Structures are given as structure tokens and as C-alpha cells.
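Enquirer: Predicted model and sequence below, questions to follow.
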Amino acid sequence: MSFLLPTDVKVYLYLSPCDMRKSINTLSVLVSDTLQQNPASGHLFLFRSRHKDKMKALYFSDNCFSLWYRKLDSGRFIFPKGKDGCIELTREHFEWLLVSHQYQHTDSLTPKEYSAFH
């Protein structure tokens, strides 16, 4: 998986668990009020769920916001423990987080097959 992001985009990971029901508007307020950053800066902001199995990414480009969502079928993402605020990730760390099992804890790597969607 690869995102088509400009090379100068910074990636910020919000370390506290976030309600995955939050939309573009509420995540933008979180970025502005809590992180003291401009959500329309062109940087990418990552948010994680309490159970560490879901992530959302907020990104602004060309007069529109994009919201990406990733959910693991099994396992969990590995995040720094006991920290608040946010950290800046390198582009490589961001891509590893999305595609590598190195940053996921899972008991089974067997892919699931789906036949019905709701």
C-alpha cells in the first residue's frame, strides 16, 4: 500500500486513543484545539482507536479533506505507551505502520475471506 503524498508532507500521530466515530469536522477541531496545528496545513494526521485495531488519517489537499480508515481483522497496531500529545513519524515509519506486520501484534497471519458485506 502506498499513498500518493507529496514528499514534504509531515505525518503526525496523535497518541491518545480517539473515538473512531469522529468525522472530518471533529477531527479537524481536535487537530486545531488539542494539537495546536492547522488541519488544512497539508500534513497528515493519524488517530488510533482505544483497542489499537483501527486508525484514521486526516489529510487536506487541493481545497478538500480526505479521511482514510484502516481496520485490522486480527491483531493490533503497536504504539508508544504512556505518552500524550503527538509525535512526528518519518515517511518510512508511516508506510511500515500501514503495510508491515512488524508494527502489528497478531496471533494469526492467515488472511480472511469475505463473502457478504453489510
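Expert: Here it is on my side, so go on.

Enquirer: So which residues of this structure form strands?
Expert: All strands of the chain, identified by DSSP state E, fall at 11-17, 44-48, 54-61, 64-71, 76-77, 86-89, 104-105.

Enquirer: Quick check: which ranges of the protein have low pLDDT?
Expert: When residues are selected by pLDDT under 70, those of the chain lie in 1-3, 82, 100-118.

Enquirer: Let me see the contact set for the most centrally placed residue in the chain.
Expert: The geometric centre of the chain, computed from its C-alpha atoms, lies nearest to L46 (Cα atoms, centre = their mean), at 3.3 Å. With contacts defined as Cβ atoms under 8 Å, 6 or more residues apart in numbering, the neighbours of L46 are V11, Y12, L13, Y14, M55, K56, A57, L89, F94. All C-beta atoms are positioned from the backbone trio N, CA, C, and that covers glycine.

Enquirer: can you tell me how far the third one sits from L58?
Expert: L13 is 12 Å from L58, where distance means Cβ to Cβ, to the nearest Å.

Enquirer: Please apply the same query to the fourth one.
Expert: Between Y14 and L58 the computed distance is 10 Å (Cβ to Cβ).
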